[in-house]
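Participant: only geometry, no sequence info:
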């Protein structure tokens, strides 16, 4: 591995910070002990700027570049944005319907009056997988109503848990 730059952030697949690195968990560090790192980070991520400064907090977050891409919002260093949970209203859902068909089970030994735990509504065995038999009837469109009741739901992109760490001692980056 090459020498790391001071303030460089890397992902690690193990749950601890290597020697001379710290987890990016927003912890406060003393300026007096980490003056070179403070000169790079300042108080973008927190701290009072007199005796302490903070490391980035990437617990439960992902990274984003600063600036503004075409059609994107302007983002500043240290800015946190996004929502863990959102509530959608009906105007944000595309118009659609769900249908539900009824098939008669021709095998009378497989008919039950009251479904048991684990039963599902499926077409008769002899019609799957191609559903060559037309359904006997369909339920009314309003049989299946909208769900959610305007309650928040999790709004997370797919993720793999990794450990963001920042280099505390390394090569000081120079301007070119």
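Facilitator: In hand now; what should we look at? No experiment lies behind these values; they were computed from the predicted model shown.

Participant: so where's this structure uncertain?
Facilitator: 1, 93-105, 115, 118-137, 139, 141-151 (pLDDT under 70).

Participant: measure the residue sitting nearest the centre point of the chain to residue 40 for me?
Facilitator: Computing the C-alpha centroid of the chain and ranking residues by CA atoms, centre = their mean puts residue 156 first, at 2.4 Å. Relative to residue 40, residue 156 is positioned 30 Å away (CB to CB, to the nearest Å). To be clear about C-beta, it is placed using only N, CA and C from the backbone, and glycine gets the same treatment.

Participant: And residue 84, by the same measure?
Facilitator: 29 Å.

Participant: from memory the residue nearest to the centre of the chain sits against residue 84, does it?
Facilitator: Yes: taking contacts as CB atoms under 8 Å, residue 156 lies within contact range of residue 84: 7.3 Å.

Participant: hang on, the earlier thing: looking at residue 84 and residue 40, which is more packed in?
Facilitator: Taking other CB atoms under 10 Å, residue 84 and residue 40 do not tie; residue 40 has more neighbours (15 against 9).

Participant: Pop out the phi and psi values for that one.
Facilitator: phi -90, psi -40 (degrees, to the nearest 10).

Participant: my read: it touches residue 9, true?
Facilitator: No: using CB under 8 Å, residue 40 makes no contact with residue 9, being 11.4 Å away.

Participant: From the centre of this protein, point out the most distant residue.
Facilitator: residue 108 (47.9 Å).

Participant: I'd like to know how far that residue sits from residue 114.
Facilitator: 16 Å.

Participant: Going by residue numbers, what spans are helices in this protein?
Facilitator: Taking DSSP state H as the test, the helices found in the chain are 35-41.

Participant: Just the strands from it, written as ranges.
Facilitator: 9-12, 21-23, 28-30, 52-54, 85-86, 101-102, 137-138, 153-154, 163-167 (DSSP state E).

Participant: Make CSV from those strands and add mean neighbour count and distance to residue 175 to it.
Facilitator: Listed next are these as CSV, based on neighbours: other CB atoms under 10 Å; distance: least, CB to CB, whole Å:
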stretch, mean neighbour count, distance to residue 175
strand 9-12, 14, 19
strand 21-23, 18, 24
strand 28-30, 14, 24
strand 52-54, 19, 21
strand 85-86, 10, 41
strand 101-102, 12, 68
strand 137-138, 10, 69
strand 153-154, 8, 42
strand 163-167, 21, 18
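
Participant: so can I have TSV of the ones you listed showing distance to residue 70?
Facilitator: As requested, the strands of the chain are exported to TSV (distance: least, CB to CB, whole Å):
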stretch	distance to residue 70
strand 9-12	25
strand 21-23	34
strand 28-30	37
strand 52-54	32
strand 85-86	25
strand 101-102	46
strand 137-138	46
strand 153-154	29
strand 163-167	27
